[in-house]
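Novice: here are the coordinates; sequence isn't available:
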């Protein structure tokens, strides 16, 4: 399938995606963002689409995964918006701890990550930056199972090194 045909197929399914996006987000602006993210990811991974398969199902799966990942990301952000005139972002996690202590801990954590062997540190940092396992595997040209294993071992090593902070 040519790029033009694939693009036309994506555009023709936009209205189909709109209904699902509104169902997920319950907000028209967020729905538009979700549709755009879905289209971008579909274009990025168009080589994974096999001609003759259900394009609607493929696009729905991409959209659902993006929505779930964004929801999880927002859930763990712990960010509160102050709606006063000057709008400030406050990190609710840092309000509970002494800032000097938390800076020392953050410095120690980053130091422990930097001490990891490169084969563990690189995939772990990419994972922290929001890359998915398949994206890390593609970037580093290694199997996805190896990526998962290296991230697991990096977590285990960091957990042992940072036991004093528990």
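Specialist: Thanks, I have it. Predicted model, so just to flag it, every value in this text is computed and none were measured.
Novice: which residues are contacting the strand or helix carrying residue 59?
Specialist: In this structure, residue 59 is located in helix 55-75 according to DSSP states H and E. The contact list for helix 55-75, computed with C-beta atoms under 8 Å, 6 or more residues apart in numbering, reads 9-10, 13, 16-17, 20-21, 24-25, 34-35, 37-38, 41-42, 45, 49, 130, 132. Any C-beta I mention is one placed from the backbone N, CA and C, and that applies to glycine too.
Novice: So what's the model's average confidence on that helix?
Specialist: For helix 55-75, mean pLDDT is 88.
Novice: Just the residues contacting the helix or strand harbouring residue 40, thanks.
Specialist: Element membership of residue 40 [criterion: DSSP H and E] is helix 28-44. Helix 28-44 has contacts (C-beta under 8 Å, 6+ apart) with 6-7, 10, 14, 17-18, 21-22, 24-25, 49, 58-59, 62-63, 66-67, 70.
Novice: In ChimeraX, how would I select just the buried ones from those?
Specialist: Burial among the contacts of helix 28-44 is assessed by 16 or more other C-beta atoms under 10 Å; the matching ChimeraX selection reads:
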select :6,10,17,21,22,24,25,49,58,59,62,63,66,67,70
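Novice: and residue 158, how many residues sit next to it?
Specialist: Per other C-beta atoms under 10 Å, the neighbour tally for residue 158 reads 17.
Novice: Distance check, it against residue 10.
Specialist: To residue 10, residue 158 is 41 Å away according to C-beta to C-beta, to the nearest Å.
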